[in-house]
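Q: Structure, please.
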Amino acid sequence: MALLTVGSTAPHFTTIDQDGRTVSLSDFKGKKVVLYFYPKDDTPGCTKEACAFRDNFPNFQKLNVEVLGVSIDDEKKHKKFAEKYDLPFRLLVDSEKKIVQDYGVWGMKKFMGKEYMGTNRVTYLIDEHGKIAHVFAKVKPETHAEEILELLRST
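A: Below you'll find the model as predicted:
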């Protein structure tokens with residue numbers, strides 16, 4: 001797993017969200033984007049992380065920052081997850097694993113002594129020009145949204 005580095009250009013993508021709407025990174029030119037990668041819809045850590053973004057969403061809006069979640073789950077699972085927890089931001093479908101690979105978050109994981117390939121919990125802050133402004137490689141789901149807001153307010 002080779003993560004992108006600060007200052008590099010964020011890889012372009014076009015996919016769909018939980019409502020089947022087309023989403024491209026270029027749609028957000030001129031805005032900062034929080035692109036957060038998570039392993040799986042409706043699992044404990046991913047739910048805590050998504051709900052923390054939900055609860056802090058008005059603060060991201062005040063700062064004119066777009067929040068986008070990405071996992072390899074399909075549109076149907078994303079829609080169910082978003083509706084269950086009333087998520088106000090878009091969840092991007094990456095069932096072909098192109099985005100997770102382009103962003104270097106697809107890799108070997110370990111859980112209960114087993115190794116497997118999966119999405120690592122990583123967040124990229126992308127600036128208004130499409131460059132990587134910050135990489136969060138160690139994410140605590142419960143406090144991650146607040147950590148990003150602190151960084152945004154200090155810059």
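Q: Contacts only, for Thr22.
A: Contacts for Thr22 (Cβ atoms under 8 Å, 6 or more residues apart in numbering) come out as 14-16. In this view, the C-beta of every residue, glycine as well, is placed from N, C-alpha and C.
Q: Kindly recompute the last result at 6 Å.
A: Ile16 (Cβ atoms under 6 Å, 6 or more residues apart in numbering).
Q: ok, now how distant is the nearest residue to Val100 once chain neighbours are set aside from Gly118?
A: Nearest residue to Val100 in three dimensions, chain neighbours excluded: Trp106, at 4.1 Å (Cβ to Cβ, 6 or more residues apart in numbering). Trp106 sits 7 Å away from Gly118, going by Cβ to Cβ, to the nearest Å.
Q: Residues in contact with stretch 30-46: which ones?
A: 49, 64-71, 73, 77, 81, 105, 118-119, 121-128, 141, 148.
Q: Ramachandran angles for Tyr36?
A: For Tyr36, the backbone dihedrals (degrees, to the nearest 10) come out as phi -110, psi 130.
Q: pLDDT weak spots in this protein?
A: Counting by pLDDT under 70, the chain has low-confidence residues at 1.
Q: which stretches of it form helices?
A: Secondary structure of the chain (DSSP state H): helices at 44-62, 75-84, 98-102, 144-154.
Q: can you list those in CSV and add distance to Lys31 and mean neighbour count?
A: Formatted as CSV, the helices of the chain follow (distance: least, Cβ to Cβ, whole Å; neighbours: other Cβ atoms under 10 Å):
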stretch, distance to Lys31, mean neighbour count
helix 44-62, 10, 16
helix 75-84, 21, 17
helix 98-102, 18, 18
helix 144-154, 12, 16
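Q: filter the contacts of stretch 30-46 to the buried ones?
A: 49, 65-71, 73, 77, 81, 105, 118-119, 121-127, 141, 148 (16 or more other Cβ atoms under 10 Å).
Q: so the residue positioned nearest the centre of the chain bridges to which residues?
A: Compute the mean C-alpha point of the chain, and by Cα atoms, centre = their mean the closest residue is Tyr36, 1.6 Å away. Beta-bridge partners of Tyr36, counted by DSSP bridges, are Gly69, Thr123.
Q: what's the spacing between it and Thr15?
A: Counting by Cβ to Cβ, the gap from Tyr36 to Thr15 is 15 Å.
Q: what does Asp94 give?
A: Asp94 is 6 Å from Thr15, by Cβ to Cβ.
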